[in-house]
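K.L.:
Curious how this folds, go ahead:
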Amino acid sequence: MEKDLGNYRKSYEKSELFEGSIPENPLELFQKWFYEVENSGGVDEANAMTISTIGTDGFPKNRVVLLKKYTYEGFIFYTNYESEKGKAIRENPNVCLSFFWPNMERQVIIKGKAEKIAENLSDGYFESRPLGSKLGALVSNQSEVIPSRKVLEDKLKELEAQYESGEVPRPEHWGGYIVKPESIEFWQGRPNRLHDRIRYCLQSDYNWLIERLAP
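P.N.:
Model (predicted):
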């Protein structure tokens, strides 16, 4: 099987990114871009991001997760701590996050270290989830091999009966991570492949060094 994609081409012309019009802190620029994408109506889940980890087998792996909160400290998402990504983070907390917003011709690439958030914060978010999502966290031993989907569906039915009239506790193996950024790159598509790439790097004095990268 073969398909030549060499003629897939697009000219990027929607915006530009200049040093003179950006804030000193990259989280402020991220917030501005996120709001613009969110309000544009052209992306189903603006908070969908790819997280890359180095697995215990030595291979990098990417998968899409959902950003649930961002602050000046970093980017928060939730998962099963015993999943493949959770085990990878435990062995090597260096991760990369990336957002791709094609409707705005933008990417954001974040390098940083992931660490667990406080248990009470994970508790608070878990309590806010719909019942089905809570039960799903109990049902699934994420990333483990299972014999069939029926195993999951049967277990879900058992848990629905068990917690029919009670609160669902947050399992100890499920919770949040915060990725504290060490560098954040903003990519804005431009004509003729001369894209704008602005990178912020955190310095030892906690100020951000701003650099332009060649496209």
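K.L.:
tell me which residues form a beta bridge with the residue positioned nearest the centre of the chain?
P.N.:
The centre of the chain sits closest to Met49, judged by C-alpha atoms, centre = their mean, with a distance of 3.7 Å. Counting by DSSP bridges, Met49 is bridged to Val65.
K.L.:
Could you tell me the model confidence score at it?
P.N.:
Note for Met49: predicted pLDDT of 98.
K.L.:
Do a quick rundown of the helices in the chain.
P.N.:
Secondary structure of the chain by DSSP state H: the helices cover 26-40, 84-91, 119-128, 131-139, 149-162.
K.L.:
Quick one: closest of those helices to Gly6.
P.N.:
For Gly6, the closest of the helices of the chain is helix 26-40, at 29.2 Å, according to C-beta to C-beta. The way it works is simple: take the backbone N, C-alpha and C, and place the C-beta from them, glycine included.
K.L.:
Sort out which residues of the strand ranked longest in the chain are buried, please.
P.N.:
Taking DSSP state E as the criterion, the chain has its longest strand at strand 174-188. In terms of neighbour count (16 or more other C-beta atoms under 10 Å), strand 174-188 has its buried residues at 174-179, 181, 183-188.
K.L.:
so which of those would you say is closest to Glu119?
P.N.:
Gly175 (6.9 Å).
K.L.:
For the closest one, name its beta-bridge partners.
P.N.:
Per DSSP bridges, the residues bridged to Gly175 are Thr79.
K.L.:
ok, it to Val65 distance?
P.N.:
Distance, Gly175 to Val65, by C-beta to C-beta, to the nearest Å: 13 Å.
K.L.:
coming back round to it: now do the contacts for the residue nearest to the centre of the chain.
P.N.:
Listed by C-beta atoms under 8 Å, 6 or more residues apart in numbering, the contact partners of Met49 are Val64, Val65, Leu66, Leu67, Phe75, Phe77, Leu97, Ser98, Phe99.
K.L.:
quick one: contacts for the fourth one?
P.N.:
If I follow you right, that is Leu67. Counted by C-beta under 8 Å, 6+ apart, Leu67 has contacts Asn47, Ala48, Met49, Phe75, Ile76, Phe77, Leu97.
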